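Student: Return atomic coordinates for the entry below.
(chains A and B)
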2 protein chains.
Amino acid sequence: MIDVKTPNVVVLGAGYGGLVATTRLHKQLGVNEANITLVNKNDYHYETTWLHEASAGTLHHDKVRYGVKDVVDNRVNFIQGTVSEIKRDEKEVVLQSGETLSYDYLVVALGAIPETFGIEGLHEHAFMISNVNGARLLREHIDYQFAKYSNSDEKDESLLSFVVGGAGFTGIEFLGELTNRIPELCREFDVDYHKVRITCVEAAPMVLPGFDKELVDYAVAQLERKGVEFKIGTAIKQCTEEGIICQKGENDPEEIKAGTVVWAAGVRGNPVIEKSGFQEMRGRIKVEADLRAPGEDVIFVIGDSALVINPEIDRPYPPTAQIAMQQGEVCANNVAKLVKGETNLESFTPDLKGTVCSLGEDDAIGLVFGRKLFGTKASIMKKVVDNRALYMIGGPSLVLKKGKFKIF
Amino acid sequence: MIDVKTPNVVVLGAGYGGLVATTRLHKQLGVNEANITLVNKNDYHYETTWLHEASAGTLHHDKVRYGVKDVVDNRVNFIQGTVSEIKRDEKEVVLQSGETLSYDYLVVALGAIPETFGIEGLHEHAFMISNVNGARLLREHIDYQFAKYSNSDEKDESLLSFVVGGAGFTGIEFLGELTNRIPELCREFDVDYHKVRITCVEAAPMVLPGFDKELVDYAVAQLERKGVEFKIGTAIKQCTEEGIICQKGENDPEEIKAGTVVWAAGVRGNPVIEKSGFQEMRGRIKVEADLRAPGEDVIFVIGDSALVINPEIDRPYPPTAQIAMQQGEVCANNVAKLVKGETNLESFTPDLKGTVCSLGEDDAIGLVFGRKLFGTKASIMKKVVDNRALYMIGGPSLVLKKGKFKIF
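Tutor: You can find the predicted model right below:
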């Protein structure tokens, strides 16, 4: 009798990609076939795509997260820890605690972090919509600005000035929530609504670059109606304690005083990728068709840390939950095949069903199955998309527990 | 026919004293007898005795205030404005807006402000439980400390350290609420309860100086059980951005790092009193038996700005809502008498029914009609006292609207 060791399959990250991969791996591999381990910093998963709501204070952060144990079978070994490095030669993952995990197959689904493009002061002074802690901090910071304004004798109106850097999806969705939240905050803190200033600064020449113009025009008009001032083609040069310095083309730099600066203009891959010596571009690995890292037999990379080129435009697909979950499925299939000794790995091709960008609880724009959607219809579709993600990870019970149903 | 001008009766302040005086004056004097004007900074009255709850975040600030117009008849002329000075020679009140009001009879019920006894840094760095704006700021500040702590990689435990300066009624009642609120905040922000530190620093040799020792021992034991550390006989020497420096007797000064310092160790009269050239002690006027300021025929002073000596102990009565309201009644009677040409003014004698000190929503200590009360019984009595104040000012409808009924 030959003593065959049960292989260790380790998944890093319980985001959209990692959770789908883990649940699918558990379904396909019996306990005698593989030891599945999931590593995540927190004992919960959070809906990255809903964080703008928690950040603006329009949705409680407990509604945007659920326990890993709620969706992952308890035969999966869950380790709460922060990954520090992947030692590819030793086939080991090192955690910040010092603990190491051996793997035979590794799924890297570590997600993204904000990209500040080296702009001075952003790390120190800007808020980022990147996780539950950051969202909660931003929510509390906004409230605190109103409380300070109310309590001060000499009114410093920069307390009521908000700058959002970036008019991509995160920036626009956050503005949709913030403009809904502001009137509530004005009532709560006895503040005159007209004193509030909201500025969106975007370096690219348009809002939601690359999106359908008619839909973008609708979004801009709706947000302007709710008080947002757009500064397009304008780059943030510096973020300070008092606000930002920005510049449009060759114009003179302009200072916008603001008690709150939110940076929502891009993400890059997880630093662990760079630290571990992979070939990468801004922390993202250009994966093979089967989702393995180039030159790696047993390391798969999915989600925001993976780079997949859209051949139609010869540019990378954007980092979205939709793609991460689809990669999670394909990656789980491929790992299961390798564990079972099969070699005919699947190729990943994104199946893009569409994109919806929320403009607050009851408004949105979307391109879904090729159809343009505005307002209520798009907003309903956004909630369908959100519930779909819950369904993919936790099935109907998670949808019932955490789903969005206020759709009429 | 002689043209007799209708006299102007002006009431300054819509606190407990001013509101009772105004409503009673309106009942006693017809529109042909007097023009009654009430001046107040805000268009609402707030329950000073409930502010510790709004400050800790255990009761929403809208529950501790109600509109002046809700309780004052619309035949009373209400002016929202901040009093800047009383010009006694001209019989005029000057507002910060520059507006002046002539009076024939004046009721000064301007309340108190915190007394910092010249301790360095308190004005700049400590929070005060003195009005709705300040309470709201403190509530938001506390939340923000927890959010910051959660979001930081290197945990600064001083964010979770709270110092309350003063173990008088306000300090103790705030500690009761804060200790109830902390576990909620720990859940809200995923913070380990054991990291929170609450210190109460009191210069006097005991908690609740002058109160019954058995009751005080009960209060201290209850608060210690909920995590409060008492430093008695210890003076705060300085408040800084990082916390406080305090000193017990001749011991070495000790620094307590704290992200939140609350100063609750005393009040003084309104600065308008000093500015207007009255004889005063720390902004309070030692009034005559009929509640007039010494040497003044038409100026009455009531509430926290009035000083009345308790002959039994030859010390001033404490500034309480109970006394302010009783003074409001007597003062209204006396003004009405003067308006009607009567000269037999009433003398004011406090009718002290008792004192209850809350230790949180469901706990309290009290001395009521000579009986000692602890726990639930005292807590119910506290709510009775709170509702009684509402009844005195706004009758049964205000009690129904703003009263505290969760008493079992």
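Student: what does the stretch 101-250 of chain A put close to chain B?
Tutor: Counting by Cβ under 8 Å from any Cβ of the partner chain, the stretch 101-250 of chain A comes close to chain B at A:133-134, A:136-137, A:139-141, A:143-144, A:146-148, A:150-151, A:189-190. Bear in mind the C-beta positions are built from the backbone N, C-alpha and C, glycine included.
Student: So which residues make contact with the helix or strand harbouring residue A:221?
Tutor: Element membership of residue A:221 [criterion: DSSP states H and E] is helix A:213-225. With Cβ atoms under 8 Å, 6 or more residues apart in numbering or on different chains as the test, helix A:213-225 has contacts from A:172, A:175-176, A:179, A:200, A:206-208, A:230, A:357, A:359, A:363, A:365-367, A:372, A:374.
Student: Among these, name the ones in strands.
Tutor: Applying DSSP state E to the contacts of helix A:213-225, the entries found in strands are A:200, A:230, A:357, A:365-367, A:372, A:374.
Student: farthest-separated two in these?
Tutor: Largest separation among the ones in strands among the contacts of helix A:213-225 by Cβ to Cβ: A:200 and A:372, giving 22.4 Å.
Student: out of these two, which sits in the more crowded spot?
Tutor: Comparing residue A:200 with residue A:372 by other Cβ atoms under 10 Å in any protein chain shown, the one with more neighbours is residue A:200, at 27 against 15.
Student: before we move on, back to that, which member of the residues of the stretch 101-250 of chain A next to chain B is positioned nearest residue B:314?
Tutor: Out of these, the member with the shortest distance to residue B:314 (by Cβ to Cβ) is residue A:151, at 38.5 Å.
Student: distance of the closest one from residue B:195?
Tutor: Per Cβ to Cβ, to the nearest Å, residue A:151 is found 28 Å from residue B:195.
Student: Kindly report the same for residue A:306.
Tutor: Separation of residue A:306 from residue B:195 (Cβ to Cβ): 38 Å.
Student: Residue A:71 now?
Tutor: Counting by Cβ to Cβ, the gap from residue A:71 to residue B:195 is 29 Å.
Student: and if you look at residue A:230?
Tutor: Taken as Cβ to Cβ, the span from residue A:230 to residue B:195 is 43 Å.
Student: Settle it for me: which of these two has more neighbours?
Tutor: Neighbour totals were compared for residue A:230 and residue B:195, and residue A:230 leads with 19 against 13 (other Cβ under 10 Å).
Student: which residues touch the nearest residue to the more buried one once chain neighbours are set aside?
Tutor: Distances taken as Cβ to Cβ, 6 or more residues apart in numbering or on different chains place residue A:200 nearest to residue A:230, at 5.1 Å, with adjacent residues excluded. The neighbourhood of residue A:200, defined by Cβ under 8 Å, 6+ apart, consists of A:163-164, A:166-167, A:171-172, A:175, A:207, A:223, A:228-231.
Student: Ok, residue A:260 next?
Tutor: A:127, A:138, A:141-142, A:145, A:161-163.
Student: the strands in the stretch 201-350 of chain A, which residues?
Tutor: Under the criterion DSSP state E, counting those that start in this stretch, the stretch 201-350 of chain A contains strands at A:228-232, A:234-239, A:243-248, A:254-257, A:260-263, A:267-269, A:285-286, A:299-301, A:306-307, A:309-310, A:315-316.
Student: quick one on the thing from earlier: tabulate the ones in strands among the contacts of helix A:213-225 (JSON lines), appending distance to residue A:110 and pLDDT.
Tutor: Converted to JSON lines, the ones in strands among the contacts of helix A:213-225 look like this (distance: Cβ to Cβ, whole Å; pLDDT from 0 to 100):
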{"residue": "A:200", "distance to residue A:110": "29", "pLDDT": "98"}
{"residue": "A:230", "distance to residue A:110": "33", "pLDDT": "98"}
{"residue": "A:357", "distance to residue A:110": "25", "pLDDT": "93"}
{"residue": "A:365", "distance to residue A:110": "30", "pLDDT": "95"}
{"residue": "A:366", "distance to residue A:110": "29", "pLDDT": "93"}
{"residue": "A:367", "distance to residue A:110": "29", "pLDDT": "91"}
{"residue": "A:372", "distance to residue A:110": "35", "pLDDT": "94"}
{"residue": "A:374", "distance to residue A:110": "36", "pLDDT": "91"}
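Student: which one among the residues you listed gets closest to chain B?
Tutor: Checking the ones in strands among the contacts of helix A:213-225 against chain B by Cβ to the nearest Cβ gives residue A:200 as the nearest, at 23.7 Å.
Student: Quick check: the gap between that closest one and residue A:127.
Tutor: For residue A:200, the distance to residue A:127 (Cβ to Cβ) stands at 15 Å.
Student: Buried only: go through the contacts of helix A:213-225 for me.
Tutor: A:172, A:175-176, A:179, A:200, A:206-208, A:230, A:357, A:359, A:363, A:365-367, A:374 (16 or more other Cβ atoms under 10 Å in any protein chain shown).
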